[in-house]
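Trainee: predicted model, plus sequence, below.
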Amino acid sequence: MSKDKNNKSSAFLKKTSSLWTDFKAFITRGNILDLAVGVIIGGAFNAIVTAFTKILMSICTWGVPGGINGLVTVLPAANASQSGSEFAGQFFNVSDVNSKVIEYASKQGITIDVSSDTFLQWKDTLLKNYTLHGNTYTYNSSNIIDWGTFINAVITFLIIAITLFVIIKVANSITKKRQAIQKELEEKAHQAYLKQHPEEAEKERLAALEKDKPAPVSDDVRLLGEIKAELEKLNSKKASE
């Protein structure tokens, strides 16, 4: 029993060691490390692009109330659950918040004003059912078209696409120059080698001459050429007569 237990323990340790070795080889491969670096750099680059896009859109939508976040279209309510009638309607402006809070409280049979002790509680209860888009509060159950988010996504995509295009072009150009330099160095090294080994240079010269020789013409091709030449002579003779 003790021997079997030792054998099982040894087999388990070997299997564990083999798995750990495979995992270590996998995690330390160049591709995995490159991927990890790419993910980190990509995340940082995405943050830069997002910040730049926000700045750009803030400038472009300077005159829009609430900026890019205010570029929304509230679709008409298709049913009572989208109308927000039990609260303060589908949407209202930030400047109308206080009046909407008073209106909401009055629907519950409570009369308050801005100076009331419970005003802030009523305000918090009301605004929990709305989302602020720029300067407009929109009822949470309403359907909206968020143009600002769409435009922001398009611009972000274009910036990333252009940046990647430029990076790839530069990388390809550098790679081509590097390959050209490497080829030139290899050619110089080869020429230096041939100078030191004249017999190898002669072999290459003869091989090049052999390569440049025209392919041998078969008998059939030569015969067809002769027939063509004879036909051309006959045709020219008939034409002269």
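Mentor: Great, that's in hand.
Trainee: where does the prediction get shaky in the chain?
Mentor: 1-16, 23-34, 61, 63-67, 212-217, 219, 221, 239-241 (pLDDT under 70).
Trainee: mind listing the strands for it?
Mentor: With strands called from DSSP state E, the chain shows them at 72-74, 91-93, 130-133, 136-139, 144-146.
Trainee: tell me the strands beside the third one, with direction?
Mentor: Right, the one you point to is strand 130-133. Note on strand 130-133: by DSSP bridges, its sheet partners are strand 136-139 (antiparallel).
Trainee: I'd like the distance from the strand it pairs with to the chain centre, please.
Mentor: 34 Å (C-alpha atoms, centre = their mean, to the nearest Å).
Trainee: export it to PDB, keeping only CA atoms.
Mentor: Coordinates of the C-alpha atoms in strand 136-139 are reproduced here as PDB (Å, rounded to 0.1, in the frame of the first residue of the first chain):
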ATOM      1  CA  THR A 136     -32.500  68.700 -19.800                       C
ATOM      2  CA  TYR A 137     -33.900  66.100 -17.400                       C
ATOM      3  CA  THR A 138     -35.400  63.100 -19.300                       C
ATOM      4  CA  TYR A 139     -37.700  60.600 -17.800                       C
END
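Trainee: hang on, the earlier thing: deepest-packed of the strands of the chain, please.
Mentor: Across the strands of the chain, the average number of neighbours (mean count of other C-beta atoms under 10 Å) peaks for strand 136-139, which reaches a mean of 22. All C-beta spots, glycine's among them, are computed from the backbone N, C-alpha and C.
Trainee: what's that one in contact with?
Mentor: 65-66, 70, 72, 74, 82-84, 87-94, 97, 127, 129-132, 144 (C-beta atoms under 8 Å, 6 or more residues apart in numbering).
Trainee: try 6 Å this time
Mentor: By C-beta atoms under 6 Å, 6 or more residues apart in numbering, the residues outside strand 136-139 that reach it are 74, 84, 90, 91, 92, 130, 131, 144.
Trainee: check stretch 231-241 too.
Mentor: In contact with stretch 231-241 (C-beta under 6 Å, 6+ apart) are no residues whatsoever.
Trainee: with only the CA atoms kept, save that stretch in CSV.
Mentor: Extracted as CSV, the C-alpha positions of stretch 231-241 are listed here (Å, rounded to 0.1, in the frame of the first residue of the first chain):
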residue,chain,number,x,y,z
LEU,A,231,5.3,30.6,-96.3
GLU,A,232,6.3,34.2,-95.9
LYS,A,233,8.6,33.9,-99.0
LEU,A,234,5.8,32.4,-101.0
ASN,A,235,3.3,35.1,-100.0
SER,A,236,5.8,37.8,-100.8
LYS,A,237,6.5,36.2,-104.2
LYS,A,238,2.8,36.0,-105.1
ALA,A,239,2.3,39.6,-104.0
SER,A,240,5.2,40.7,-106.4
GLU,A,241,3.7,38.8,-109.3
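Trainee: what about residue 196, distance to residue 97?
Mentor: For residue 196, the distance to residue 97 equals 90 Å [C-beta to C-beta, to the nearest Å].
Trainee: look at the two and report which has more neighbours.
Mentor: residue 97 (16 against 8; other C-beta atoms under 10 Å).
Trainee: which members of the contacts of strand 136-139 are the farthest-apart pair?
Mentor: Maximum pairwise distance among these (C-beta to C-beta): 14.0 Å, between 92 and 144.
Trainee: number of nearby residues for residue 53?
Mentor: A count of neighbours around residue 53, defined by other C-beta under 10 Å, yields 21.
Trainee: so who does it touch?
Mentor: Contact partners of residue 53, counting by C-beta under 6 Å, 6+ apart, are 152, 155, 156.
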